[in-house]
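> need a structure here:
(2 chains)
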Amino acid sequence: MAAEKAEMDALKKECDGLRAQIEAARKAVNDGSMSAASSGVASVGRVQLKLRKTLKGHLAKIYAMHWSADSRQMVSASQDGKLLIWDCFTGNKLIAVPLKSAWVMSVAFAPSGNLVASGGLDNICTVYNIKAASPKTLRELDAHTGYLSCCRFLSDTEILTASGDTTCCLWDLETGKQKVIFTNHIGDCMSLALSPDTNTFISGACDSLAKLWDLREGACKQTFSGHTSDINAISFFPNGNAIITGSDDCQCKMYDLRADQEVICYQDTSLNAGVTSLALSSSGRLIFAGYDDFNCHIWDSLKGEKVGVLSGHDNRVSCTGVPADGMGVCTGSWDSFLKLWN
Amino acid sequence: MTINTLAKGGCHREQMACFRKMEKVIVAMQDPDMGMKMRNQRLLITVIPHAMTGHDIITWLTHKYRISEEEALHLGNMLVKYGYIYPLKEPRCLVLRPDESPYRFQTPYFWTSTRWPASELDYAIYLAKKNIRKQGELMEYEKERYSLLHKRINHTWDFVVMQAREQLRASKQRRKADRIVLECQEQAYWLINRPPPGVNNVLDTGLERPNNFSCRVTLNSDYYKREIEACRKALGRNRVKSSICLEGFLKYSEQYLNHDPIMQGCLPSNPWISDDTAHWTMNAEIVPVPTRLRVERWSFSFMELLNDAMGRREFMTYLEKEFSAENLYFWQACEDIRHGENSKIVEKVEDVYKNFLAPGAARWVNIDSKTMDKTLEGIKRPHRFVMDDAQMHIYFLMKKDSYPRYLKSDLYKNMLAKAIVPQETKKSVFPFMRRQRHSSPSPAQTATQAAEEEGLAKGAGANSAAGSHF
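Next up is the predicted model:
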């Protein structure tokens, strides 16, 4: 037993030593702060977005929403056991998909618009064909041993899932089998996002780390630390060179992938509610972050300042999304409403 | 979503930050000078002091915060939903009625934030009291919960019953009015913290994530060995100076500023605001004439050009003129393999070999011999990424050579000149329009515009926003 412990201690020491070296290497290239770099950029002033529509139809908490690639349709999931597909322009509900399990935590729209996927406490990611006469279950992807926290389609044939069993997984929809399992996190994976070039993806987990994975190699390429609590939301900056994370520690952070480190932290002493979700405007300048305090706060991503707030929900903002054409932002809340702002 | 995140820094973060805000309102309402006027309320034969009507609450909120009645009703409703004010008539209906219905302030002892979270033990004592006081007074769901608690905390049940008896005895010593008040307050507290089935639980904070570190992953020596390997690889990675990276973000945001509808608005109008789909129609995948902004984007990066169907088509036309169209066809075929169906990969790889790589192929692509050899070797066992190296080679060839020349070509320049700049939709005077149209196409700009005007009017020394220019 003593020998085992000694070995463990030696390994831990070596690991810590390497981590310290990585930190040193990161410091070495850190020759400028974002606030210094953006000092010359004009301020955006106060951003006041108006509520354009309120989508009513769900009967219980809304846990997730995702825009379709056509920027007009959107799917939302609620714990009343339904997925609703909305035409956001008219405000009409186009399709209702009844779920086998009401404990849904995530929903995704395929880029083609033919499929939607959802999953939650049932540990299963169910993929539905919504172009059929009535929504048909295409596949039930059942291999995770923990809840499904997030899912994203790469195409009609591949889907990525993040789970409470600490792994992310790439599935083949033709066979319904797992193709690659991404293991490295030591806490529940809460969120994932695909890079704009679809070669890599990022995941945030309850171990307070964000990791970048290569889809082809199946390995973790980079790890980002700095948060002190669960990372609930994660997203790429539109040029694919940085990631933004939102955490229960009430902060959002931007990490640069090429410099391999944190470049800016979005925090405010008056904000002491956790971040539940985030989305970026199409130029990347504005970050819309949903918080537990029922509001969605707007940050200037370059200057690190809070520039606005979207208030109107009666309960926690659970999901946020900006469509591909960047027309506005949609917030979904536990008060069962979705609101569109711009 | 954690109830108690004892983070590495070790601070209990308060959930429900809104409670502090609500409590400020409640304290203001009870201010002896500026607060609400109370009256005594008759409930059957007993008089309840310090009560107020729903109508009074709304009037006070409307005056104090200078808000509309609708907003005051909404705010008042939230105060009732979260238990700071409770109704005397119909206690189970937690709604603020804007009429003569009587309401009362909840005592701070029973504020949700004071005793967070509500404890199972206290609930058991409460139910025990109700049970003892009047046999059969418990509702169906309360009976179920009572028996469930009896099973769960059976080891302290003697304590529960003893406490219940003590509290009942103590309350008998009080005046009847006080006793009724206390019972109402306690009932209101439990209606919020243990709502009946079917009622929305406003205090629900979602899934409990009791551990930050999952017990599924054991931190044993294998784990550390893997970590060490990963760290070694990570240490060797190339790191770019942060100043260069940051410049990149600034450039990108600036370049795409005009293309961001939230920042700059969009022409002819934002469909969400004007209810006019003209913008979408003009920017559909294939249109006779594209918009200027769209054609401009093609010059931002090669991927922007390739991701746009029309851009790709234009680029193909250009390449045909240069007799290098096979490159783009090859790239497209490789993309199809990468993102398409697994079952079709073998067949597609065959096709690509026949059309692009085989000696004497119709559309032979010029790849360096090393990459060609590697690809041909890989084709023997085709998989999704077998064409990656070749595709990357051709991609960079096009990017470094053909793409810059395309941007300088007459073909592109003519496209840019021909491209439409839509007119801003005029605000039409349509009598039945219920929604007010934004006069400016760019909502995010309105504030700065207003500030700018103000700054100009005031003269020098205006705030920074006034000086900004989009």
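> what's the following helix or strand after the helix or strand harbouring B:A128?
If you go by DSSP states H and E, B:A128 is part of helix B:120-133. Elements were assigned by DSSP H and E; along the chain past helix B:120-133, the next helix or strand is helix B:140-152.
> what angle sits between that next one and helix B:120-133?
120 degrees (axes from the mean of the first three to the mean of the last three Cα atoms, to 10 degrees).
> I figured A:V29 hits B:V240, correct?
Yes - using Cβ atoms under 8 Å, A:V29 is in contact with B:V240, at 6.6 Å. To be clear about C-beta, it is placed using only N, CA and C from the backbone, and glycine gets the same treatment.
> which neighbours do those two have in common?
A:A259 (Cβ atoms under 8 Å, 6 or more residues apart in numbering or on different chains).
> neighbour count winner among those two?
More crowded of A:V29 and B:V240, by other Cβ atoms under 10 Å in any protein chain shown: A:V29, with 20 against 15.
> give the contact list for the closest residue to the more buried one other than its chain neighbours.
Spatial nearest neighbour of A:V29, chain neighbours left out: B:R239 (4.6 Å); criterion: Cβ to Cβ, 6 or more residues apart in numbering or on different chains. Each residue near B:R239 by Cβ under 8 Å, 6+ apart is listed here: A:25-26, A:28-29, A:258-260.
> which helix or strand contains B:R239?
Going by DSSP H and E, B:R239 is not in any helix or strand.
> break chain A into its domains for me.
For chain A, the TED database gives the domain ranges A:1-28, A:49-341.
> list the buried residues of the first one.
Of the residues in domain A:1-28, A:11, A:14-15, A:18-19, A:22, A:25 count as buried by neighbour count, 16 or more other Cβ atoms under 10 Å in any protein chain shown.
> redo those as CSV? Include distance to chain B.
Formatted as CSV, these follow (distance: Cβ to the nearest Cβ, whole Å):
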residue, distance to chain B
A:L11, 4
A:E14, 6
A:C15, 5
A:L18, 4
A:R19, 6
A:I22, 5
A:A25, 6
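> which strands and helices sit next to the lengthiest strand in chain B?
Longest strand in chain B, counting residues (DSSP state E): strand B:46-53. Packing contacts for strand B:46-53, counted by 3 or more Cβ pairs under 8 Å, 6 or more residues apart in numbering or on different chains; DSSP states H and E, involve strand B:39-43, strand B:102-105, helix B:176-193.
> same thing but 6 Å
strand B:39-43, strand B:102-105 (3 or more Cβ pairs under 6 Å, 6 or more residues apart in numbering or on different chains; DSSP states H and E).
> so which bits of the stretch 1-150 of chain A are right by chain B?
A:7-8, A:11, A:14-15, A:18, A:21-22, A:29-32, A:34, A:37, A:42-43, A:45-49, A:52 (Cβ under 6 Å from any Cβ of the partner chain).
> the stretch 201-342 of chain A against chain B: which residues are in contact?
Going by Cβ under 6 Å from any Cβ, the residues of the stretch 201-342 of chain A near chain B are A:206, A:216, A:228-229, A:239, A:248, A:256, A:258-260, A:272-273, A:281-285, A:293, A:326-328, A:342.
> of those residues, grab the buried ones for PyMOL.
Per 16+ other Cβ under 10 Å, the buried members of these correspond to this PyMOL selection:
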select buried, chain A and resi 206+228+229+239+248+256+258+259+260+272+273+281+282+283+284+285+293+326+327+328+342
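> for A:N232, what are its contacts?
A:190, A:246, A:276 (Cβ atoms under 6 Å, 6 or more residues apart in numbering or on different chains).
> backbone dihedrals for the closest residue to the last one other than its chain neighbours, both of them.
Put plainly, it is A:T276. In space, and not counting its chain neighbours, A:T276 is closest to A:G290: 4.9 Å by Cβ to Cβ, 6+ apart. The phi and psi values for A:G290, taken as degrees, to the nearest 10, are phi -90, psi 140.
> these two touch, right, A:G290 and A:G321?
No - judged on Cβ atoms under 6 Å, A:G290 makes no contact with A:G321 at a distance of 10.0 Å.
> the two - which one has more neighbours?
Neighbour count, other Cβ under 10 Å: between A:G290 and A:G321, A:G290 has more, with 31 against 22.
> and the more buried one, how far is that from chain B?
12 Å (Cβ to the nearest Cβ, to the nearest Å).
> from B:S253, how far off is that residue?
22 Å (Cβ to Cβ, to the nearest Å).
> and the helix or strand of chain A with the lowest mean pLDDT, what's buried?
Lowest by mean pLDDT, DSSP states H and E among the helices and strands of chain A is helix A:34-37, with a mean of 84. Neighbour counts over helix A:34-37 (16+ other Cβ under 10 Å) mark A:34, A:37 as buried.
> please apply the same query to stretch B:343-363.
B:345, B:348-349, B:352-353, B:355-357.
> restrict those to those near chain A?
Okay, of these, nothing touches chain A (Cβ under 6 Å from any Cβ).
> relative to chain A, which of those is nearest.
Chain A has its nearest neighbour among these in B:I345, at 10.3 Å by Cβ to the nearest Cβ.
> element containing that closest one?
Here B:I345 is assigned to helix B:345-352, by DSSP H and E.
> avg pLDDT for that helix?
Mean per-residue pLDDT for helix B:345-352: 92.
> chain center to whichever helix or strand comes after it, what's the gap?
Later in the chain than helix B:345-352, the nearest helix or strand by DSSP H and E is helix B:369-379. On the basis of Cα atoms, centre = their mean, to the nearest Å, helix B:369-379 sits 47 Å off its chain's mean C-alpha point.
> show me what the helix or strand following helix B:369-379 is packed up against.
Next in sequence after helix B:369-379, counting helices and strands by DSSP H and E, comes helix B:388-397. If contacts are counted by 3+ Cβ pairs under 6 Å, 6+ apart, helix B:388-397 sits against helix B:325-339, helix B:369-379.
> quick one: B:T277 from chain A, how far?
B:T277 is 7 Å from chain A, by Cβ to the nearest Cβ.
> so who does that residue touch?
So B:T277 contacts B:P271 (Cβ under 6 Å, 6+ apart).
> who does the closest residue to A:G91 other than its chain neighbours form a beta bridge with?
Excluding its sequence neighbours, the residue lying closest to A:G91 (Cβ to Cβ, 6+ apart) is A:K53, at 5.5 Å. For A:K53, the beta-bridge partners are A:L340 (DSSP bridges).
> isn't A:K53 right up against A:F89?
No - applying Cβ under 6 Å, one finds A:K53 not in contact with A:F89, separated by 9.0 Å.
> ok, A:N239 - contacts?
A:N239 neighbours (Cβ under 6 Å, 6+ apart): B:Y252.
> now for residue 310: which residues touch it?
Chain wasn't specified; assuming chain A. A:296, A:341.
> oops, chain B please
B:M310 touches B:P290, counting by Cβ under 6 Å, 6+ apart.
> go through the helix or strand containing it and flag the buried ones.
Using DSSP H and E, B:M310 sits in helix B:309-322. Within helix B:309-322, the residues scored as buried using 16+ other Cβ under 10 Å are B:310-312, B:314-315, B:318-319.
> Serialize those to a markdown table and add fields for pLDDT and distance to A:P196.
As requested, those are arranged in a markdown table below (pLDDT from 0 to 100; distance: Cβ to Cβ, whole Å):
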| residue | pLDDT | distance to A:P196 |
| --- | --- | --- |
| B:M310 | 92 | 19 |
| B:G311 | 93 | 16 |
| B:R312 | 93 | 17 |
| B:E314 | 93 | 21 |
| B:F315 | 94 | 19 |
| B:Y318 | 94 | 24 |
| B:L319 | 93 | 24 |
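> contacts for the least confident helix or strand of chain A, please.
Under Cβ under 6 Å, 6+ apart, the answer for helix A:34-37 is A:263-264, B:246.
> swap the cut-off to 7 Å and go again
Helix A:34-37 is contacted from outside by A:263-264, A:302, A:304, B:243, B:246-247, B:250, using Cβ atoms under 7 Å, 6 or more residues apart in numbering or on different chains.
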